[in-house]
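Participant: A structural model of the following input is requested.
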Amino acid sequence: MLKIKEVQEKNKRFFDRAKRFYEFPFIKIINKFIHKRDLKEVPITPNSEILDAGCGTGMFLELIHKKHSDARLYGIDVSEKMLETAKKRLGGKATLSRKSVESLSYKNRFDFIFNIDSFHHYADQRKAMINFYNALRKGGTLAIADFSLGCAGNWFFKHFEPANSRMYLKEEFRELFRKHGLKNIKQKRLGLFSLMTIGEK
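Facilitator: Numbers count the residues shown, from 1 in each chain. From the prediction side, this is the model:
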């Protein structure tokens, strides 16, 4: 297994190069549709502090702001190029920083943490879960939506996509949430490829 910093650097290079594809009109339409479904599953309360971990080009944060303009928004990502686009898109509506989930150091800060289609890239998924839990306030919600394609699909996609650390099946995600202290766990399929798992601190 590659060391954590090596995997993070590989991810950074991959997403720095991939940034331009996220702005293609067809890709933006697909992502917007997916993000609306993601957000529909998590009722956001007024005046919440929200973190998008792996915020990419900021499309999900933009959608949150349109629906919840009173929310205080934060985003982190390892890709400088992605964050450049996110800053232009959001225009100061969110606090953005270049940071990995493994180095996340917030304590009891957020009401909601979203992690959309990036968990399988993380070099240290155990550390990511610990940091997510620590960053949530008591009663806060963690929502992870990630690719989950079944045993054969997960195996193929892991070997196809650069820096793909591990993909989880439905019950494996549920156990991961349980293991890291999250409760009231709910899961929902968001189409053929994506699975959302939601838990509370």
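Participant: Report the contact partners of residue 73.
Facilitator: The contact partners of residue 73, by C-beta atoms under 8 Å, 6 or more residues apart in numbering, come to 50, 52, 61, 64-65, 90, 93-95. Bear in mind the C-beta positions are built from the backbone N, C-alpha and C, glycine included.
Participant: excluding its backbone neighbours, what's nearest it?
Facilitator: Distance criterion C-beta to C-beta, 6 or more residues apart in numbering; nearest residue to residue 73, sequence neighbours excluded, is residue 94 at 3.7 Å.
Participant: was I right about the one you found contacting residue 61?
Facilitator: Yes: with contacts counted by C-beta atoms under 8 Å, residue 94 reaches residue 61, the gap being 4.8 Å.
Participant: what is in contact with those two at once?
Facilitator: Joint contacts of residue 94 and residue 61 (C-beta under 8 Å, 6+ apart) are 52, 55, 73, 75, 86.
Participant: right, and out of the residues you listed, which lies closest to residue 35?
Facilitator: residue 52 (10.1 Å; C-beta to C-beta).
Participant: Nearest residue to that closest one in space, ignoring adjacent ones along the chain?
Facilitator: Here the residue nearest residue 52, using C-beta to C-beta, 6+ apart, is residue 75, at 4.5 Å.
Participant: The one you found pairs with what?
Facilitator: Note on residue 75: beta-bridge partners residue 52, residue 96, judged by DSSP bridges.
Participant: Contact partners for it?
Facilitator: 51-53, 55, 58, 61, 83, 86, 94-97.
Participant: Which two of the residues you listed have the greatest separation?
Facilitator: Distance extremes for the contacts of residue 75: the farthest pair is 51 and 83 at 14.4 Å, using C-beta to C-beta.
Participant: quick one, which of those two is more surrounded?
Facilitator: A direct count of neighbours by other C-beta atoms under 10 Å for residue 51 and residue 83 places residue 51 higher, at 29 against 23.
Participant: now the strands: where do they sit in the protein?
Facilitator: 49-53, 72-77, 94-98, 110-116, 136-147, 183-190, 194-200 (DSSP state E).
Participant: Could you export those as JSON lines, including distance to residue 124 and mean pLDDT?
Facilitator: Output for these, formatted as JSON lines (distance: least, C-beta to C-beta, whole Å; pLDDT from 0 to 100):
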{"stretch": "strand 49-53", "distance to residue 124": "14", "mean pLDDT": "98"}
{"stretch": "strand 72-77", "distance to residue 124": "15", "mean pLDDT": "97"}
{"stretch": "strand 94-98", "distance to residue 124": "18", "mean pLDDT": "96"}
{"stretch": "strand 110-116", "distance to residue 124": "14", "mean pLDDT": "97"}
{"stretch": "strand 136-147", "distance to residue 124": "15", "mean pLDDT": "95"}
{"stretch": "strand 183-190", "distance to residue 124": "22", "mean pLDDT": "94"}
{"stretch": "strand 194-200", "distance to residue 124": "19", "mean pLDDT": "95"}
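Participant: Thank you kindly, that will do.
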